[in-house]
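Enquirer: one predicted model, sequence on top.
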Amino acid sequence: MGYVAIKGGEDAISNAEILVDYYRVKDATDPIEIDQIRTQFRLLVDKIMGEGSIYAPEHAAIALKQVEGDVFESAFILRAFRATLRRNYYSEVIDTDNMVVERRISSAFREIPDGQILGPTRDYTQRLLHPNLAEETFGSIEKFLEDFEAGAILENGNEIPKYSRVVDLLRKEGILRAVEDNESGRLVDITREAVKFPAPRSAALQMLARSETGGLMCLAYSAQRGFGSAHATVGEMRVGKVKIAVKDSKGRTRSIGRIKVTEAEMLSRIHVPHKDKVPYLSLGYGLCFGQNETKAISMGILDRTMRSDGDAPSEAQEFVLYHTEGVESYGFTNHLKLPHYVTFQSGLNNLRQAMDRRKKEMDKWRVGNMTRDDFKKK
Amino acid sequence: MIEQKKFERAYNYAFIDEGTKMEIRRKMLKAVAIPGYQVPYSSPEMPISRGWGTGGLHASLSLIGPKDTFKIIDQGSDASVNACNLRNFVKRMTECKTTFNTSEATIIQTRHRVTEEVLTDKQIIVFQVPQPEILRGVERFEYKTRIMHAEADYAKMWVSLYESYVKFGDIMRGAGYPIKVNGRYLMSPSPIPRWDVPNLSHSNAIQLFSAGREKRIYCVPPHTLIEPLEFEDVKFRVEEFEGIKCAVTDEGEAFMDEIYENESSKKFVINDSNFMDRLKEGTRPNQRLFKNPPRNQ
């Protein structure tokens, strides 16, 4: 073994790396351009920017290309990249009231002030496969764009409309209010400080915003189906661009750009303990990078369930936050592929001794062909 | 499209930025000061998968300098693919010397083994820890286990060991045997075999345990008492390799790997790859061997 085996291990991993690069391009098709991934896989890029915890569409597109479209792996590469960047500023609180809205809906009311804006969504499409996409050409895309632009009507000219908030209506009426509890309002940075439980809401929301969409949906769904008590309604969900601002060294607020976010305000009923009091509504809040409505809504549901008492999985803050963390659960699940022969040997040793003990015990009771178990049966 | 230079990034020495390295070192000092206590730390993402030794890397990379000599083993072997990958990464990021020779190393990172060779006070050993919470098997919530540690309330663990004895006739814990540090905190030694557990006690080297995914660092400082949990009449026992000789060196008294050659025959080989190399050269490095107590009948 010794030195030869070392060479073996080294060679194997470097060859595997070359081989997987070969698999990426072995069919010798046209290379995908980063810009194509960034624009035509828009929703995928949004998703991994959220899980990768960095708003950087080009980096996300490169990561996707590098790992042949593996979402977990791409998000992981972005996270590792972001961890090497210095934190120069903390941004000011983003103002979603002044969002440049692409889409905003409320399922709580039929009509809402300033109107429902359906925007870009596949919610009401028929999920039929479009085989003609196999024949799509640059020409057909240009034609579509021309037709689209000819038919588009700009209602408000260049003015960006501002939309009032649906949940404010309920807030004014007193039906919607904050739950009065002794929750810590401390603002933590989960990238600089390990989370402790019970975690303050700021930490919980940060973790949910970085969590894996599928895992989040699974738990949010369980809460609605019966393992938990969420009966959430979409008070308002909006998708659009918001300004990011930071304070410079002289204390002036400086805008550093815009990012697209999805925000969900989920309404659910709060059950009050005493009969003399009146139940009311409270908010579960979700906000994530890009257009990722499944995530924002799931987040809104879990933000609420984690703060209610109950013994369902979705109601245990620790359970939700630890296990929806995609990069960590992905890493640990795959670490099982590492050799475990020492650990396994230690367990084997115990099992063999247990078998020996059993055999000795059986032998003590053996009379002729009768074993202890035969005696028991009688 | 963005300019290409945006993606040209020189990494900081030892990959992690200096601010975070300082933070990790502060947490290590706290861990040294409170033996066995799990100190939460920032645990930044690494370009290595979570669960594959990120915690160990945080500790090693915050300590390492260009004059250090780094050794890394996985399941006792310098040759293991993951050990090779991590060794290459550390070397690339620090330009330090690397070695397979246990006695030459100043920092040894390990997964699931302690070296057979006794370590010195010039050495630091860093354990990769998958699950730092020894009580996790008896209490699933972190906020509760923290309270149990604070109150030194380890009743649930004792009961679980007792139940194991009643059901199966022995304490059936394999790797990761529960230990008490300095008479106070219950601690997971990471999934090292029981064979290695007694060697943690009164070690000359600093023994750091780092769990990246779980974001906890803890420590067994030099010359600190480690006691594996045991009853007066049911004692802690290490794995037995009685009468078993290594197929390569014909030596015994070391932790053995069991290798199946085919369905009917198997052989044993010494697990610690450097220890075996030294035996082949004809020297047997210093070892501390634990003798199992006689069994009560």
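Expert: Looks like it arrived, so ask away. Numbers count the residues shown, from 1 in each chain, chains lettered A, B, ... in the order given.

Enquirer: what is the burial count for the closest residue in space to A:Glu212 that isn't next to it in sequence?
Expert: Counting by Cβ to Cβ, 6 or more residues apart in numbering or on different chains, A:Glu212 lies nearest to A:Gly326, which is 2.9 Å off, once chain neighbours are set aside. Quick note: C-beta positions are derived from backbone N, CA and C, even for glycine. Here the number of neighbours of A:Gly326 (other Cβ atoms under 10 Å in any protein chain shown) works out to 25.

Enquirer: so A:Gly326 touches A:Leu216, yeah?
Expert: No: using Cβ atoms under 8 Å, A:Gly326 is not in contact with A:Leu216, being 9.0 Å away.

Enquirer: who's in contact with the closest residue to chain B within chain A?
Expert: Using Cβ to the nearest Cβ, the closest approach of chain A to chain B is made by A:Gly331 at 2.9 Å. Contacts for A:Gly331 (Cβ atoms under 8 Å, 6 or more residues apart in numbering or on different chains) come out as A:76, B:49-52, B:54, B:213.

Enquirer: can you give me the helices for the stretch 201-350 of chain A?
Expert: Under the criterion DSSP state H, counting those that start in this stretch, helices of the stretch 201-350 of chain A are mapped to A:201-210, A:213-225, A:293-305, A:317-323, A:326-335, A:341-365.

Enquirer: check the closest residue to A:Glu183 other than its chain neighbours and give its pLDDT.
Expert: Closest residue to A:Glu183 apart from its sequence neighbours, by Cβ to Cβ, 6+ apart: A:Arg201 at 5.9 Å. If you check A:Arg201, the pLDDT there is 93.

Enquirer: tell me where the stretch 1-150 of chain A has strands.
Expert: For the stretch 1-150 of chain A, strands defined by DSSP state E, counting those that start in this stretch occupy the ranges A:100-105.

Enquirer: and if you look at the stretch 151-300 of chain A?
Expert: Using DSSP E, counting those that start in this stretch, strands in the stretch 151-300 of chain A cover A:233-247, A:253-270, A:280-289.

Enquirer: okay, these, which one's buried deepest?
Expert: Between the strands of the stretch 151-300 of chain A, strand A:280-289 has the highest mean count of neighbours, a mean of 22, where neighbours are mean count of other Cβ atoms under 10 Å in any protein chain shown.

Enquirer: quick one: that one to chain centroid distance?
Expert: 15 Å (Cα atoms, centre = their mean, to the nearest Å).

Enquirer: go on, stretch B:262-271?
Expert: Using Cα atoms, centre = their mean, the offset of stretch B:262-271 from its chain centre is 25 Å.

Enquirer: need the contact partners of that stretch.
Expert: A:1, A:342, B:75-77, B:113, B:116, B:241, B:244-249, B:251, B:254-261, B:276, B:279.

Enquirer: so which of those are in helices?
Expert: Among the contacts of stretch B:262-271, the ones falling in helices (DSSP state H) are A:342, B:276, B:279.

Enquirer: show me which of the residues you listed is closest to B:Thr145.
Expert: Taking Cβ to Cβ as the measure, A:Val342 is the one of those closest to B:Thr145, at 25.9 Å.

Enquirer: sorry, back to before: what would the strands of the stretch 151-300 of chain A look like in a markdown table with mean pLDDT and distance to B:Asn85?
Expert: Formatted as a markdown table, those follow (pLDDT from 0 to 100; distance: least, Cβ to Cβ, whole Å):
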| stretch | mean pLDDT | distance to B:Asn85 |
| --- | --- | --- |
| strand A:233-247 | 96 | 37 |
| strand A:253-270 | 95 | 35 |
| strand A:280-289 | 94 | 31 |
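
Enquirer: need those strands in JSON lines (columns: distance to A:Phe148).
Expert: Shown next, in JSON lines, are the strands of the stretch 151-300 of chain A (distance: least, Cβ to Cβ, whole Å):
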{"stretch": "strand A:233-247", "distance to A:Phe148": "19"}
{"stretch": "strand A:253-270", "distance to A:Phe148": "20"}
{"stretch": "strand A:280-289", "distance to A:Phe148": "26"}
